[in-house]
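Asker: what's the 3D shape of this:
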Amino acid sequence: MGKIKTHRATSKRFTITKSGLVKHSGQNRRHKLGLKSPKRKRQLRKGGYLSEAMAPTVRKMLPRA
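Answerer: Numbers count the residues shown, from 1 in each chain. Reported below is the predicted structural model:
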């Protein structure tokens, strides 16, 4: 049986912490930043953690992380 491959798009968006939580960065921070207020852009700097309902799906796509 072959090796399980990592889903590359998922590995670029999520990381798994030592405690097993799935960490993600904020969205809507890539382009069209001139339309967004400074307050909104400042709040988008913060990342977050995935809910326990979504975390198993991401962990399955990142087998060796």
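Asker: Can you give me the first-to-last residue distance of stretch 22-36?
Answerer: Stretch 22-36 has its terminal residues 27 Å apart, counting by C-alpha to C-alpha, to the nearest Å.
Asker: How about stretch 9-23?
Answerer: Stretch 9-23: ends 14 Å apart by C-alpha to C-alpha.
Asker: how distant is it from the center of its chain?
Answerer: 6 Å (C-alpha atoms, centre = their mean, to the nearest Å).
Asker: That stretch: which residues count as buried?
Answerer: 10, 14, 16, 22 (16 or more other C-beta atoms under 10 Å). For the C-beta atoms, the positions are set from N, CA and C on the backbone; glycine is no exception.
Asker: Would you mind giving those residues as TSV with secondary structure, pLDDT and distance to Arg42 added?
Answerer: Below are the buried residues of stretch 9-23 laid out as TSV (DSSP: H, G, I helix; E, B strand; the rest coil; pLDDT from 0 to 100; distance: C-beta to C-beta, whole Å):
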residue	secondary structure	pLDDT	distance to Arg42
Thr10	helix	95	27
Phe14	strand	95	23
Ile16	strand	95	27
Val22	strand	96	24
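Asker: Now tabulate the residues you listed in JSON lines and tack on distance to Lys36.
Answerer: Conversion of the buried residues of stretch 9-23 to JSON lines gives the following (distance: C-beta to C-beta, whole Å):
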{"residue": "Thr10", "distance to Lys36": "26"}
{"residue": "Phe14", "distance to Lys36": "23"}
{"residue": "Ile16", "distance to Lys36": "29"}
{"residue": "Val22", "distance to Lys36": "26"}
